[in-house]
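# Give me a 3D structure for the following:
(chains A, B, C and D)
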2 protein chains.
Amino acid sequence: MAAIAGVSMKTVSRVINGEPGVAPAKVKSVEQAVRQLDYRPNLTASSLRRLDGRTAAVAALLEDLANPFSAELHRALEDVAHDHDVLLFAGSLDESPEREKQLIRAFTSRRADALILAPASSDQGYLTYEVPEGTPVVFVDRAPVGYEADAVVADNVGGARQAVTHLISHGHRRIAFLGDRPAIPTARDRLEGYQQALRAHGVPFDPDLVVHGLEDAGRAEAALPGLLALPAPPTALFAAQNEITVGAFRHLQAADLQHHVAIVGFDDFPLADLLRPGVTVVAQDPTAIGRAAAELLFARLAGDSAPSRTVVIPTRLVVRGSGEIPPSAGPR
Amino acid sequence: MAAIAGVSMKTVSRVINGEPGVAPAKVKSVEQAVRQLDYRPNLTASSLRRLDGRTAAVAALLEDLANPFSAELHRALEDVAHDHDVLLFAGSLDESPEREKQLIRAFTSRRADALILAPASSDQGYLTYEVPEGTPVVFVDRAPVGYEADAVVADNVGGARQAVTHLISHGHRRIAFLGDRPAIPTARDRLEGYQQALRAHGVPFDPDLVVHGLEDAGRAEAALPGLLALPAPPTALFAAQNEITVGAFRHLQAADLQHHVAIVGFDDFPLADLLRPGVTVVAQDPTAIGRAAAELLFARLAGDSAPSRTVVIPTRLVVRGSGEIPPSAGPR
DNA sequence: CTGAAAGCGCTTACAG
DNA sequence: CTGAAAGCGCTTACAG
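Numbering: from 1, shown residues only, chains lettered A, B, ... in the order given. The predicted structure is shown next:
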């Protein structure tokens, strides 16, 4: 390359990197050689020697890239990264702590400049020795445990409280909680919000109305018949996650109860407005979460060394019909 | 590192790479030094010197990572890549040829081992000089133009023919075609399938029933009133893409026509079964497309040098109700 | 079984 | 304005 252009390697480097102070004639001959050889600078080599060691790539470890929440979050990260000329590695964790550790190692071995993590593990203390110093980590969706880092999370407690308060304000007093595995911090937070709302309105807490471990739509659907067959069945459901909401709605509609049992879901999902009744939800904003996380991350990469921050993105109640069904409409 | 372990750099390299023929005592001392220093081998450095130059990373350029089709495809790619201990870079093209070229360059500069491309450009001849020799490219969703490479696509012509034949078999003769921009090859193929089905059944082609350029759900929704106000309105709709299907359905439901105008969509979407009526679609299989593409790609990386192949993934008619509405139910 | 030397494609730190 | 030498963290190709 340098030989073809008739200049030194160093001059090639200067032209490629747009450094000033190269004779126009030499710039020209380098540019011509680039075209002639289809020359593409090797970024992995340049990052190796570069003082800051930056690779201009960051890694995102999310729950499941095929799930709309993760996919939208991923897309928001990509957009901000693109503005900074940075590329994105991505991986799905599927609630597996082993996979999390494996991917963290894979990404640090490739010297990603920073990590974005929606952790599957219950404790991230291992990051202390697993992540090289100077590599910022930003948590999304779930706050860190045993590790000090920036985080961007939805207001899980507040959102759940808002959902359940909405149902109470429509006259419900027997409200079921349908949740994911309680090991998941966001699932616990949403249960906490549910309980806070009950307490605040003097509605007794009935453990029979709490169903945990609904890891997917199928399990949520399967859990409903038992719940609705209780001696004193719920007149309303709070579904603490979007897959659960869909599974529960699927059962209600199959049993033709969708206009008789109220339901409010946590986390919005596509087409919720087209169902009949439309499904009332407390919407998270995955795009806002992703943008905020990426901005925090690039601030760190730019040298921001303030103490860790946790950004809480508010949720929003979206009223569509299913959450406004009165208890009198319930099955008897 | 080598100093701490009391061995040469080369022996460290052997232990890290699990090469045989190292004295057990030396293996031990290297392993201890690894722990002591939290040592992580630098994969970018090793790929630089390695003969094959492999980085164990491949790049996927898809339409829009937030769209369910791309997201599922992405996830399938990730799963196969994971089986090969390879990581995935990903980027969204948003139908922008410029973005495509930009990302191709970014990924080749980082020496991705292979590329997976759902092209936004109308001609990919530029890949000839843009992609280094020995870097396999596999096309997904859309076949290459002006470039020779493997491809995995859905059966767009056949699927569209199947959808429209289904409507004809239910008695429809005025069937509208709702399509994306005709510059998109899959959009053209689906129009072709539509026309083939009409011809095969002696149904006259009426250009008034063909609407192009519906780039998103909003435009599809907005296009319907005009179409339904024609002197001889369609009794059925073929929506040639999932966003278009959703937009069209949204209008039908708003106008309370969802039980009167038949609709079949190309490409399935979540919750299509929960709408009323359920939406009949010709389903693509993004997971199958992704898996097939990844397998083709890893075969190439393993040395397969057979001529380029194009794999066509069949579509599947999913009957749910909206496609079985008879023409007599139509608005008058 | 082990290691010293060279080199992957770049940038750094100089010297001129 | 330009380039020769050294070095980033590894692997290769040897030699012993």
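
# Not counting its neighbours along the chain, what's nearest the closest residue to DNA strand C within the stretch 101-250 of chain A?
DNA strand C sits closest to A:R111 of the stretch 101-250 of chain A, with a gap of 12.8 Å, by Cβ to the nearest atom of the strand. C-beta: built from backbone N, CA, C; applies to glycine. Closest residue to A:R111 apart from its sequence neighbours, by Cβ to Cβ, 6 or more residues apart in numbering or on different chains: A:T55 at 5.0 Å.

# now do A:T310
Counting by Cβ to Cβ, 6+ apart, A:T310 lies nearest to A:A151, which is 4.6 Å off, once chain neighbours are set aside.

# So the residue nearest to A:R111: helix, strand or coil?
Reducing the assignment at A:T55 to three states with DSSP: H, G, I helix; E, B strand; the rest coil gives coil.

# for A:G213, same thing?
For A:G213, the assignment made with three-state DSSP gives coil.

# Okay, it and B:L275: tell me how far apart.
According to Cβ to Cβ, to the nearest Å, A:G213 and B:L275 sit 29 Å apart.

# So which bits of the stretch 151-300 of chain A are right by chain B?
Applying Cβ under 8 Å from any Cβ of the partner chain, one finds that the stretch 151-300 of chain A approaches chain B through A:V246, A:F249, A:R250, A:Q253, A:F269, A:P270, A:L271, A:L274, A:L275, A:R276.

# try it again with 6 Å
For the stretch 151-300 of chain A, the residues found near chain B under the criterion Cβ under 6 Å from any Cβ of the partner chain are A:L271, A:L274, A:L275, A:R276.

# Format the residues you listed as a markdown table; extra columns: neighbour count.
Shown next, in a markdown table, are those (neighbours: other Cβ atoms under 10 Å in any protein chain shown):
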| residue | neighbour count |
| --- | --- |
| A:L271 | 19 |
| A:L274 | 21 |
| A:L275 | 20 |
| A:R276 | 16 |
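
# between these, which is nearest B:V34?
Relative to B:V34, the closest of these is A:L271; by Cβ to Cβ it sits at 50.7 Å.

# Pull the number of nearby residues for A:M9.
A:M9 has 11 neighbouring residues, counting by other Cβ atoms under 10 Å in any protein chain shown.

# Got the confidence number for it?
Note on A:M9: pLDDT of 87.

# Over to A:L51?
83.

# measure stretch A:314-326 end to end?
End-to-end distance for stretch A:314-326, by Cα to Cα, to the nearest Å: 27 Å.

# what do you get for stretch A:200-216?
Counting by Cα to Cα, the terminal residues of stretch A:200-216 are separated by 30 Å.

# on that earlier part again, what is the three-state secondary structure of the residue of the stretch 101-250 of chain A closest to DNA strand C?
Classified using three-state DSSP, A:R111 is coil.

# Can you show me the strands along chain A?
Taking DSSP state E to define them, one finds strands in chain A at A:57-62, A:87-92, A:114-117, A:137-140, A:150-154, A:175-178, A:210-211, A:236-239, A:262-266, A:280-283, A:310-313, A:316-318.

# Make a markdown table from those strands and add mean pLDDT and distance to DNA strand C to it.
Rendered in a markdown table, the data for these read as follows (pLDDT from 0 to 100; distance: least, Cβ to the nearest atom of the strand, whole Å):
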| stretch | mean pLDDT | distance to DNA strand C |
| --- | --- | --- |
| strand A:57-62 | 97 | 16 |
| strand A:87-92 | 95 | 17 |
| strand A:114-117 | 98 | 19 |
| strand A:137-140 | 98 | 25 |
| strand A:150-154 | 98 | 27 |
| strand A:175-178 | 98 | 55 |
| strand A:210-211 | 98 | 57 |
| strand A:236-239 | 98 | 53 |
| strand A:262-266 | 98 | 48 |
| strand A:280-283 | 98 | 45 |
| strand A:310-313 | 97 | 33 |
| strand A:316-318 | 98 | 46 |
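
# I'd like those strands as a markdown table, with mean neighbour count appended.
Putting these into a markdown table (neighbours: other Cβ under 10 Å) gives the following:
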| stretch | mean neighbour count |
| --- | --- |
| strand A:57-62 | 26 |
| strand A:87-92 | 24 |
| strand A:114-117 | 26 |
| strand A:137-140 | 27 |
| strand A:150-154 | 24 |
| strand A:175-178 | 26 |
| strand A:210-211 | 18 |
| strand A:236-239 | 29 |
| strand A:262-266 | 29 |
| strand A:280-283 | 25 |
| strand A:310-313 | 17 |
| strand A:316-318 | 15 |
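
# State the distance from the residue nearest to A:T310 to A:E78.
Taking Cβ to Cβ, one finds A:A151 at 20 Å from A:E78.

# same question, A:V319
32 Å.

# The two - which one has more neighbours?
A:E78 (23 against 12).

# Please list all residues in contact with A:E100.
Going by Cβ atoms under 6 Å, 6 or more residues apart in numbering or on different chains, A:E100 touches A:L93, A:A120, A:S121.
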